[in-house]
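What follows is a predicted protein model with its sequence.
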Amino acid sequence: MAESVEQWWARRQWSKGVAVPYAVGRYREDWQRYPVLIRTYHPDLNHGLVLSQVPPAADVYLVWECDVGHRFVATPSEQRARPGGSRRRSTWCPECTRLAAPRRIAQPAMEAGTHTCGHPRDPRRIEHDPDDDRCYLCRRLDRSELSREQLVSLAAPCSRVAVSAESGTAARYSWQCAAGHPSYEATVERILGGRRCPVCRNARAGAAGVAIGEAFTSGLAPRPASAAEPDLKRRLGEVLDVDLANNAVRVARPFFSHLEVWPDIIIPELRVAIEYDTTGRDGLEHVGRREATDLKKDRLLRSVNWEVVRIRCGRLQPIGPFDLVASGVSASLVARLVERLGQIRGSLIVDAYRR
């Protein structure tokens, strides 16, 4: 159970029998990857202890103060897990997160009563047709290529029946495609309109026509996050005679809603993907839960016989066996990277691609 910093420090002093259980700087490397937390932690608010004296997994309540001035209490584990999927700097402070959250717009309430077919009335849809007095959902079902039985068969296991007396076009249900991809939530209207499994839909944009483990050019790949990645690719192309035009690798299992991943640099000849990682302007990138996402991405690549080299900048620590720590793109970094490629695939093979 978490306790105050004073109680926690006193208990550690008693258990270890020393006045300073953890020396200053002992956990510096563990906290270096969280520059925002270093800035929002103040020793004067925490019994005079500096952050490098606190184990990242300690079950202790610490006082933090964000750049705006909000003070709040959280354990080290809670703070390290805060980035989540948000890219706002306010995500590190619960009060800033609350203030930055958009206001929800209330949806119009359903009209009381149901049609003779049993489906509820939906005032957001035009339900009256001069030539058809059926409800909107019934008419949409009849125009769809799916029968009611086929629509119900698309429902994911353990989910509610897709079309029932309680169903409406705005109600969300769980669905799963025949390929067994992860289930997803969608309205009946979306399913009838043909927008079904997001993994299958994204795969049709490119990955479906590529063999597992092959590199290709995808139109879904995002643009480079910074100028450092194209610079590193250019420098690497000046040293090695390899094809660096591809931007995606087909994987066997879905990575969120895609059957492809987008490393920063891809070397198909060596089957090596290179990632250039920094904490970003707001200290949100590649930390906390996003580090777990990076590890999942690396596992998917290694499962199709690719290897990953991550160049960790901004005090990020290595998370893979072949990662490199660097301060930025330079000629020495390229030389270290080529040497690391030789360790992965063999120096003789890598030397065969040198210009």
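It's in.

Report the buried residues of the longest strand belonging to the chain.
Taking DSSP state E as the criterion, the chain has its longest strand at strand 248-255. Using 16 or more other C-beta atoms under 10 Å as the test for burial, strand 248-255 gives 248-251, 254-255. Where C-beta positions appear, they are placed from N, C-alpha and C, glycine not excepted.

and which of those is nearest to residue 69?
residue 255 (39.2 Å; C-beta to C-beta).

Now do the closest residue to the closest one other than its chain neighbours against residue 173, distance only.
If the residues on either side of it in the chain are set aside, residue 255 comes closest to residue 261, at 5.2 Å by C-beta to C-beta, 6 or more residues apart in numbering. For residue 261, the distance to residue 173 (C-beta to C-beta, to the nearest Å) stands at 29 Å.

Then residue 51?
Residue 51 sits at a distance of 46 Å from residue 173 (criterion: C-beta to C-beta).

What's the end-to-end length of stretch 301-311?
Distance across stretch 301-311, first residue to last, is 16 Å (C-alpha to C-alpha, to the nearest Å).

what's it in contact with?
Residues outside stretch 301-311 that contact it (C-beta atoms under 8 Å, 6 or more residues apart in numbering): 212-213, 232, 249-253, 261, 263, 271-277, 294, 297-298, 318-320, 322-326, 333, 337, 340-341, 344-345.

Buried members of those into PyMOL, please.
Selecting only the buried entries of those in PyMOL, with 16+ other C-beta under 10 Å as the criterion:
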select buried, resi 232+249+250+251+261+263+271+272+273+274+275+276+277+294+297+298+319+320+322+323+324+326+333+337+340+341+344+345
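
Out of the contacts of stretch 301-311, list just those in helices.
232, 294, 297-298, 333, 337, 340-341, 344-345 (DSSP state H).

For these, give me TSV that also has pLDDT and distance to residue 181.
As requested, these are exported to TSV (pLDDT from 0 to 100; distance: C-beta to C-beta, whole Å):
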residue	pLDDT	distance to residue 181
232	95	34
294	93	22
297	95	17
298	95	21
333	95	39
337	96	35
340	96	35
341	96	34
344	95	31
345	94	32
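
Out of these, which is nearest to residue 67?
For these, the closest approach to residue 67 (C-beta to C-beta) belongs to residue 294, at 26.2 Å.

Identify the residue nearest the closest one in space, chain neighbours excluded?
Leaving aside its sequence neighbours, residue 294 is closest to residue 286 (6.1 Å, by C-beta to C-beta, 6+ apart).

Spit out the contact partners of the one you found.
When contacts are counted by C-beta under 8 Å, 6+ apart, residue 286 touches 33, 277-280, 294, 312, 316.

what about 10 Å?
Counting by C-beta atoms under 10 Å, 6 or more residues apart in numbering, residue 286 touches 33, 83, 275, 277-280, 293-294, 310, 312-314, 316, 319.

Kindly write the PyMOL command that selects the buried subset of those.
Per 16+ other C-beta under 10 Å, the buried members of the contacts of residue 286 correspond to this PyMOL selection:
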select buried, resi 33+83+275+277+278+279+280+294+310+312+313+314+316+319
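
any idea which of the contacts of residue 286 is least confident?
Of all those, residue 83 carries the smallest pLDDT score, 70.

Once you drop chain neighbours, what's closest to that residue?
Of all residues not flanking residue 83 in the chain, residue 288 sits nearest, at 4.2 Å (C-beta to C-beta, 6+ apart).

between the ones in helices among the contacts of stretch 301-311, which is nearest residue 26?
The closest of these, once distances to residue 26 are taken by C-beta to C-beta, is residue 294, at 25.9 Å.

Would you mind confirming that the closest one is in contact with residue 273?
No. With contacts counted by C-beta atoms under 10 Å, residue 294 stays clear of residue 273, the gap being 11.6 Å.
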